[in-house]
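Trainee: here are the coordinates; sequence isn't available:
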């Protein structure tokens, strides 16, 4: 779908191009490594500030 829409290879978080090496190793990725790390840090911080573990650990941001 993303290829058809013309946004394959573009990070959904930053709008920056995803490096070819990353796309080659993770063809379905929607984020650059940096953006994914930021999202994971935010998620961990939110989980910590909410007082515990949430039950949606199976939901990955990528």
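Mentor: That came in fine, so what should we check first? Just so it is clear, the structure is predicted and the values come from calculations on it, not from any experiment.

Trainee: drop to CA atoms for contacts and neighbour counts, all remaining ones
Mentor: OK.

Trainee: For residue 32, grab phi and psi.
Mentor: phi -70, psi 160 (degrees, to the nearest 10).

Trainee: Give me the distance between it and residue 50.
Mentor: Counting by Cα to Cα, to the nearest Å, the gap from residue 32 to residue 50 is 27 Å.

Trainee: So for these two, which residue has more residues nearby?
Mentor: Neighbour comparison, residue 32 and residue 50: the larger count goes to residue 32, with 23 against 10 (by other Cα atoms under 10 Å).

Trainee: wait, isn't the more buried one in contact with residue 20?
Mentor: No: look at residue 32 against residue 20 with Cα atoms under 8 Å: they stay out of range, at 10.3 Å.

Trainee: Now do the same contact list for residue 13.
Mentor: Each residue near residue 13 by Cα atoms under 8 Å, 6 or more residues apart in numbering is listed here: 31, 35.

Trainee: Do me a favour and get the backbone dihedrals for it.
Mentor: Residue 13 adopts backbone torsions of phi -90, psi -40, taken as degrees, to the nearest 10.

Trainee: Tell me the pLDDT of it.
Mentor: pLDDT recorded at residue 13 is 96.

Trainee: And it, how far from residue 20?
Mentor: 17 Å.

Trainee: what helix or strand does the nearest residue to residue 33 once chain neighbours are set aside sit in?
Mentor: Excluding its sequence neighbours, the residue lying closest to residue 33 (Cα to Cα, 6 or more residues apart in numbering) is residue 22, at 8.0 Å. Using DSSP states H and E, residue 22 sits within helix 20-25.

Trainee: Buried residues, that helix. List them.
Mentor: Of all the residues in helix 20-25, those buried under the rule 16 or more other Cα atoms under 10 Å are residue 23.

Trainee: and that helix, how far out from the chain's middle?
Mentor: Mean C-alpha position of helix 20-25 versus that of the full chain (Cα atoms, centre = their mean, to the nearest Å) differs by 14 Å.
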